[in-house]
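Novice: Below is the sequence, then the predicted model.
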Amino acid sequence: MNAGRDEAAPKAAAAAWAPAPFEGPVRHIYVHVPFCRARCDYCDFASEAVGAGGRAGAEVARRLDAYVDGVVAEWERERAAHDVRRLHTLYLGGGTPSLLGPERLERLLELFRPHLTPHAEVTVETNPEDVDESYAAWAAAAAPGPAPGVRRGVRVSLGVQSFSAALRAVLGRTARADPVEAFGRLRAAGVASLGLDLIHGIPGQTPELLGADIATVLDLRPDRVSWYELDVIEGTALAARLAAAGGDPSAMPADPMDDVRAAGYRRIVRGLSRAGYDWYEVSNFALPGRKARHNVAVWRARPYLGLGPAAVSTVGATRRTNAAGTAAWAAALAAGEAPPRVEEALDAATRARERLFLAARCGERVPLAEVAAVIDQTAARTFAQAGLVSLHSGTIRVTRKGRHVADQLCVRLFRDQRLRE
Ligand code: SF4
């Protein structure tokens, strides 16, 4: 590797390596489902608790139906306003999409089915407490694509967080459903693509408990694993509980020290990599050929439309964020108006920084020509000498070693000093 030479002469071919960030026709849709049975203590996602009754209850049913009507209306508006082509991916996230139940989920799928390619990827985030026999059967047999007779089922991403009931209680996840049982039910029903979502760095998560979670994941062998570090967010019930504990170790399990979290993260990466999982993003792992295509598209800065309250869209130089309130969102769409939202113009420097930031998390190469204006060349050379980035043939890539600290690395790479504060 010769950092100085490579950086000094980015090749024209490398500059044409990928489309400009967020440019081009829309082929990816995210639908935000803003309902949960109950709020978890650590979460600040936009969602409303609809109670333990979940799918039951006339008032809840009315709200869920009004929500689906809103998605139908918003999709028609956005489809008319953008260059939307045959869709490669559809992602239903939340919130808790599985709480809608098979009939409403099928209605949403009906809406998009004519616009999906035959091999489109459809993902539904699912919580274990929603996985009964009928849900598992629907997920296994639903037809994501428009091809007649093709019933491949949807991809299910199962929200586990930890297999330890005690640690789930620390997170304030009150549902009693056993995630291993839910996973087994989905697999037995024939769901062909299964992922698990987990969290590490939970207060009280000892090395033994983390080891048990890793062992269970390897035993279940899902297609994909998302394993995020817990972020204790100000304003959440968990942050308040930790603050109230005030460092008294008997009042609350100790918050893991940073180096303990880092060691846990390295252990996860090592354990899953040895078991054949590709570590394809800072917090994501997949068996060969089983990466989440929707996530990869977003990380490659492809344009995407978000529908639903709080959903974000990024198309070209515009980022649009819907306001979080479901009632106002649904009322505006029912009246034939755009939902309340804010629009932000993304200048070239912001788009270049986002491109590098996203690519860094995946270890993808980016042409230096795309990001040269926003990075500090001296810092790039220093990081290359330390083996944290690779500069090669007019491109920059964050190495596996650098990926452990990808976010901090990017901030230090950026030329704009204000971003380091
Ligand atoms: S963690 Fe998931 S289930 Fe819990 S409140 Fe947040 S979105 Fe809802």
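Specialist: Happy to help now that I have it.

Novice: and Val389, what does it touch?
Specialist: Ala380, Phe383, Ile396, Arg397, Val398, Thr399, Gly402, Leu409, Leu413 (C-beta atoms under 8 Å, 6 or more residues apart in numbering). Yep, even glycine has a C-beta here, placed from its N, CA and C like the rest.

Novice: if I look at the residue nearest to Phe285 when sequence neighbours are not counted, how far off is the ligand?
Specialist: What sits nearest to Phe285 in space, not counting adjacent residues and going by C-beta to C-beta, 6 or more residues apart in numbering, is Tyr277, at 3.9 Å. As for Tyr277, its distance to the ligand is 23 Å (criterion: C-beta to the nearest ligand atom, to the nearest Å).

Novice: Tyr277 and Arg355, how far apart?
Specialist: 26 Å (C-beta to C-beta, to the nearest Å).

Novice: And for Cys362?
Specialist: Where Arg355 is concerned, Cys362 sits at a distance of 11 Å (C-beta to C-beta).

Novice: Asp83 now?
Specialist: Separation of Asp83 from Arg355 (C-beta to C-beta): 20 Å.

Novice: who's more crowded, these two?
Specialist: Arg355 (23 against 12; other C-beta atoms under 10 Å).

Novice: Where does the more buried one fall, secondary structure wise?
Specialist: Using DSSP states H and E, Arg355 sits within helix 348-362.

Novice: Buried residues in that helix, which are they?
Specialist: For helix 348-362, the neighbour count (16 or more other C-beta atoms under 10 Å) marks Arg351, Ala352, Arg353, Glu354, Arg355, Leu356, Phe357, Leu358, Ala359, Ala360, Arg361, Cys362 as buried.

Novice: unless I'm mixing things up, the last one is touching Glu281, no?
Specialist: If I follow you right, that is Cys362. Yes: applying C-beta atoms under 8 Å, one finds Cys362 in contact with Glu281, separated by 4.9 Å.

Novice: quick one: common contacting residues for these two?
Specialist: Common neighbours of Cys362 and Glu281 (C-beta under 8 Å, 6+ apart) are Trp299.

Novice: how about low-confidence regions in this protein?
Specialist: By pLDDT under 70, the weakly predicted segments of the chain are 1-18, 52-56, 144-151, 247-258, 417-421.

Novice: tell me the helices in the stretch 301-421 of the chain, going along the chain?
Specialist: 326-334, 348-362, 368-371, 377-385, 400-403, 406-413 (DSSP state H, counting those that start in this stretch).

Novice: is it true that Ala286 touches Tyr280?
Specialist: Yes: counting by C-beta under 8 Å, Ala286 does reach Tyr280; the two are 5.9 Å apart.

Novice: Counting neighbours, go ahead and name the busier of the two.
Specialist: Neighbour totals were compared for Ala286 and Tyr280, and Ala286 leads with 23 against 19 (other C-beta under 10 Å).

Novice: Could you find the closest non-adjacent residue to the more buried one?
Specialist: Arg224 (4.5 Å).

Novice: quick check, Ser157 in a helix?
Specialist: No: counting by DSSP: H, G, I helix; E, B strand; the rest coil, one finds Ser157 to be strand, located in no helix.

Novice: tally of neighbours for it?
Specialist: Ser157 has 26 neighbours, counted by other C-beta under 10 Å.

Novice: Tell me which residues touch it, please.
Specialist: Neighbours of Ser157 in contact, by C-beta under 8 Å, 6+ apart: Thr123, Val124, Glu125, Thr126, Gly195, Leu196, Asp197, Arg224, Ser226, Ala292.

Novice: What about the fifth one? Give its phi and psi, please.
Specialist: In this entry, Gly195 is assigned phi and psi values of phi -120, psi 160 (degrees, to the nearest 10).

Novice: hey, what's it bridged with?
Specialist: Ser157, Arg224 (DSSP bridges).

Novice: so it makes contact with Ser226?
Specialist: Yes: counting by C-beta under 8 Å, Ser226 is a contact partner of Gly195 at 6.7 Å.

Novice: So for the two, which residue has more residues nearby?
Specialist: Between Gly195 and Ser226, counting by other C-beta under 10 Å, Gly195 is the more crowded of the two (23 against 19).

Novice: Tell me which residue is most central in the chain.
Specialist: Central residue of the chain (C-alpha atoms, centre = their mean): Asn295, 6.5 Å from the mean position.

Novice: helices or strands up against the strand or helix carrying that one?
Specialist: In this assignment (DSSP H and E), Asn295 forms part of helix 293-299. Here helix 293-299 touches strand 26-33, strand 84-94, strand 116-126, strand 278-281, helix 348-362, going by 3 or more C-beta pairs under 8 Å, 6 or more residues apart in numbering; DSSP states H and E.
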